[in-house]
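> give me a model of this one.
(one chain, ligands or ions: 2)
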Amino acid sequence: MADKKEKRFRFVIVGGGIAGVTCVEQLSSQIPSTDVALITASPHIKAVTNYKQVSKTLEEFDVEERPSSVLEEKFPNLTVIHSAVKSLHTQSHSVETADGRVFGYEKLCICSGGRPKLLTQDNPYVLGIRDTDSAQEFQKRLSKAKRIVVVGNGGIALELVYEVEGCEVIWAVKDKAIGNTFFDAGAAQFLIPTLVADKPESAALCKRTRYTTEEPAPGASQSFTADRNSRRHGSGPTEAGSALGPDWHEGIVLRGTEQVSRRVLLEYQCEVKKIFTSEELLNSPQQTLRLENVGSWPVYIQLTNGKTFGCDFVVSATGVVPNTEPFLNGNNFALADDGGLHVDDHMMTSEADVYAAGDVCTACWEHSPLWQQMRLWTQARQMGWYAGRCMAAHVLSEPIELDFCFELFSHITKFFNYKVVLLGKFNGQGLGPDHELLLRCTKGQEYVKVVLSGGRMVGAVLIGETDLEETFENLILNKMDLTPYGEELLNPDIDIEDYFD
Ligand SMILES: Cc1cc2nc3c(=O)[nH]c(=O)nc-3n(C[C@H](O)[C@H](O)[C@H](O)COP(=O)(O)OP(=O)(O)OC[C@H]3O[C@@H](n4cnc5c(N)ncnc54)[C@H](O)[C@@H]3O)c2cc1C
Ligand SMILES: NC(=O)C1=CN([C@@H]2O[C@H](COP(=O)(O)OP(=O)(O)OC[C@H]3O[C@@H](n4cnc5c(N)ncnc54)[C@H](O)[C@@H]3O)[C@@H](O)[C@H]2O)C=CC1
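Numbering: from 1, shown residues only. Ligands and ions are numbered 1, 2, ... in the order given. Here you go, the predicted structure:
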């Protein structure tokens, strides 16, 4: 390492995903004369396009994969290096890439993202979905599949069970309701009928009620079948490396071999006990399957509820692990419990002059009471942008305060073809029993849940075209005492925007 010729940059950013690219853009526009290097393992970079600030904290944007030359043309100060960082030497302020080059830095920002946290690492029948390569592999295998098992209850599982057609899906969730990382059991109940046949809804009845849920019994199953006529057609491939994001499935056909359309069997409150091949099963002394099934599937999955399913393959949609490995050896990084690089309110890690942003880091500052970290595209952009500002402020010796975007958690997405908006402590996270829920639900149309604490709105889940996000965001940020309004707050006959004008 000492013998290798080193090229130095003032700023080095690692990772061409949303966090890294946004950090580069921010630095380059704040200090146009400075030299910046972007080192990325992937051949393309991600660019935020059509950015729209929907309200004070809610934002929407598209993400495009672009050749890195586009970024270099825009910022003449920028050098893009296509290679993976192999090691980091914080003492000498340098990184070494897989192709043996060494780059020195004054300030470094690690934006290397995450990778799927798979149920098992070395089983060819267990797939994770993260980047374009893995999505294409999934699509290829699905095109020959009759039955798959999806394990996990977060964003990817929610998207897959809705999108996959022509293939039976066994969906194994550890919880009592679907979608636990994004919403509560009430919202899950609202969404579940969407997995059933697309029947026209009869006149929708709008009702307002206190929050109640009906949970399936432990080990219970539910099955759903739906007819879908729509087909999507593939677009060109994208690069490997960076995480996919909103609407990643829009461009690819997610179809198995069967004529049936969507068919989902839900297994609640169970985890995976064992995964084995048909040969392993035949050779196993404790055979748990009925013999006629043995050999008809390449892989079998045994669940903790006692059921075993044969399938073509298993999708492990069980979260992400931060990509920290190349940076740890020989350094003294503080890591959070989830394996992310510990960052403070200036996006600084515990190593001097090293910052981190996006999925690789864990926000360890004292959070605003209404914000929490989730590994999302929006937060990757916000963190990259803020890290760039902090790095610039530090070299210019300017003061900088935690950005307003970390004041209130907000996320807009789409599940089961419904617009979903999440605000603040949307699931009452960390509030204990000391909160109240108001609910308005119109079957097939909208689900509105408000979380109140001490009479103030602290969170909301809005599903469907409710048009309430801006008003609710204001009510949350204003910390207004809403006790006098009681349940009128969700009265559908009151135009709430005018009400609070
Ligand atoms: C299937 C899927 C669907 C999703 N849908 C949504 C959604 O609808 N909404 C939403 O908000 N979020 C969504 N997400 C999450 C979102 O995509 C991520 O949170 C976000 O992209 C993270 O951005 P990042 O820049 O931190 O990391 P990444 O996008 O993972 O980028 C990391 C970059 O670092 C590079 N890299 C890694 N290691 C090295 C190394 N050693 N040296 C050099 N370069 C390296 C990689 O090549 C890559 O370019 C989804 C994720 C997946 C997988
Ligand atoms: N629309 C959106 O906003 C989307 C966001 N994403 C993001 O992409 C990333 C990856 O998505 P996911 O893998 O779905 O992660 P996730 O974090 O959203 O969900 C992981 C799920 O797996 C479950 N799980 C974890 N370990 C398990 C185990 N051993 N057995 C059974 N279940 C287990 C968890 O309880 C959780 O329900 C996440 O950061 C997610 O937020 C993904 C798709 C859509």
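
> which residues sit in contact with residue 77?
By C-beta atoms under 8 Å, 6 or more residues apart in numbering, the contact set of residue 77 is 28, 32, 33, 34, 35, 36. Glycine gets a C-beta too; all of them are placed from N, C-alpha and C.

> longest helix in the protein, by number of residues?
Among the segments of the chain that qualify as a helix by DSSP state H, the longest is helix 377-395.

> pull the CA atoms of that helix into CSV?
This file holds the C-alpha atoms of helix 377-395, laid out as CSV (Å, rounded to 0.1, in the frame of the first residue of the first chain):
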residue,chain,number,x,y,z
TRP,A,377,-35.0,6.1,-1.1
THR,A,378,-36.2,9.4,0.2
GLN,A,379,-34.0,9.1,3.3
ALA,A,380,-31.0,8.1,1.1
ARG,A,381,-31.5,11.3,-0.9
GLN,A,382,-32.0,13.5,2.2
MET,A,383,-29.0,12.0,4.0
GLY,A,384,-26.7,12.3,0.9
TRP,A,385,-27.8,15.9,0.4
TYR,A,386,-27.3,16.8,4.1
ALA,A,387,-23.9,14.9,4.3
GLY,A,388,-22.7,17.0,1.3
ARG,A,389,-23.8,20.2,3.0
CYS,A,390,-22.1,19.2,6.2
MET,A,391,-18.8,18.2,4.5
ALA,A,392,-18.8,21.6,2.6
ALA,A,393,-19.6,23.5,5.8
HIS,A,394,-16.8,21.8,7.7
VAL,A,395,-14.1,22.6,5.2
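
> wait, isn't residue 41 in contact with residue 326?
No - the criterion here is C-beta atoms under 8 Å, and residue 41 misses it with residue 326 at 9.6 Å.

> so what sits against both of these two?
Shared contacts of residue 41 and residue 326, counting by C-beta under 8 Å, 6+ apart, come down to 84, 85.

> still on that earlier bit, in strands, which of the contacts of residue 77 appear?
Of the contacts of residue 77, the ones assigned to strands by DSSP state E are residue 36.

> counting neighbours, which of the contacts of residue 77 comes out on top?
Among the contacts of residue 77, the one with the most neighbours (other C-beta atoms under 10 Å) is residue 36, at 26 neighbours.

> look at the closest residue to it other than its chain neighbours and give its secondary structure.
Excluding its sequence neighbours, the residue lying closest to residue 36 (C-beta to C-beta, 6 or more residues apart in numbering) is residue 11, at 4.6 Å. Look at residue 11: counting by DSSP: H, G, I helix; E, B strand; the rest coil, its state is strand.

> and if you look at residue 497?
Classification of residue 497 by three-state DSSP places it in helix.

> check whether the helix or strand that the longest helix of the chain is followed by comes near ligand 1.
Downstream of helix 377-395, the first helix or strand assigned by DSSP states H and E is strand 410-415. Yes - using C-beta under 6 Å from any ligand atom, strand 410-415 comes into contact with ligand 1 via residue 413.

> with stretch 351-369 instead?
Yes - Stretch 351-369 reaches ligand 1 (C-beta under 6 Å from any ligand atom) through 358, 359.

> please compute how far that stretch lies from its chain's middle.
17 Å (C-alpha atoms, centre = their mean, to the nearest Å).

> quick one: end-to-end distance for that stretch.
End-to-end distance for stretch 351-369, by C-alpha to C-alpha, to the nearest Å: 27 Å.

> what comes up buried for that stretch?
Residues 351, 353-364, 367 are the ones in stretch 351-369 that count as buried (16 or more other C-beta atoms under 10 Å).

> which single one of these is nearest to ligand 1?
Closest to ligand 1 out of the buried residues of stretch 351-369 is residue 358 (2.2 Å), distances taken as C-beta to the nearest ligand atom.

> quick one: residues contacting the closest one.
Contacts of residue 358 by C-beta under 8 Å, 6+ apart are 15, 17, 18, 19, 20, 111, 113, 379, 380, 383, 384.

> how much space between the second one and residue 413?
Meaning residue 17. Per C-beta to C-beta, to the nearest Å, residue 17 is found 18 Å from residue 413.

> between those two, which one's more packed in?
residue 17 (29 against 20).

> which residue sits closest to that one in space, ignoring its chain neighbours?
Leaving aside its sequence neighbours, residue 17 sits nearest to residue 242 (C-beta to C-beta, 6+ apart; 4.0 Å).

> again with residue 141
The shortest distance from residue 141 to any non-neighbouring residue, by C-beta to C-beta, 6+ apart, is to residue 313 (5.5 Å).

> ok, back up a step: intersect the contacts of residue 77 with the contacts of ligand 2.
Filtering the contacts of residue 77 for proximity to ligand 2 by C-beta under 6 Å from any ligand atom leaves nothing.

> closest one of the contacts of residue 77 to residue 334?
Of all those, residue 334 sits closest to residue 36, with 26.1 Å by C-beta to C-beta.

> so what's that closest one up against?
Residues in contact with residue 36 (C-beta under 8 Å, 6+ apart) are 9, 10, 11, 12, 13, 24, 27, 28, 75, 77, 78, 79.

> and the last one, helix, strand or coil?
In other words, residue 79. strand.

> just checking, it touches residue 34?
No - using C-beta under 8 Å as the test, residue 79 is too far from residue 34 to be in contact (11.8 Å).

> circling back: is ligand 2 within reach of the longest helix of the chain?
No - applying C-beta under 6 Å from any ligand atom, one finds helix 377-395 out of contact with ligand 2, separated by at least 7.2 Å.

> so which bits of that helix are buried?
Neighbour-count burial for helix 377-395, with 16+ other C-beta under 10 Å as criterion, is recorded at 377-392, 394-395.

> okay, now the residue of the chain found nearest ligand 2: neighbour count?
Nearest residue of the chain to ligand 2 (C-beta to the nearest ligand atom) works out as residue 154 at 1.9 Å. Per other C-beta under 10 Å, the neighbour tally for residue 154 reads 18.

> can you get me a residue count around the closest residue to residue 255 other than its chain neighbours?
In space, and not counting its chain neighbours, residue 255 is closest to residue 166: 4.4 Å by C-beta to C-beta, 6+ apart. Residue 166 is flanked by 20 other residues according to other C-beta under 10 Å.
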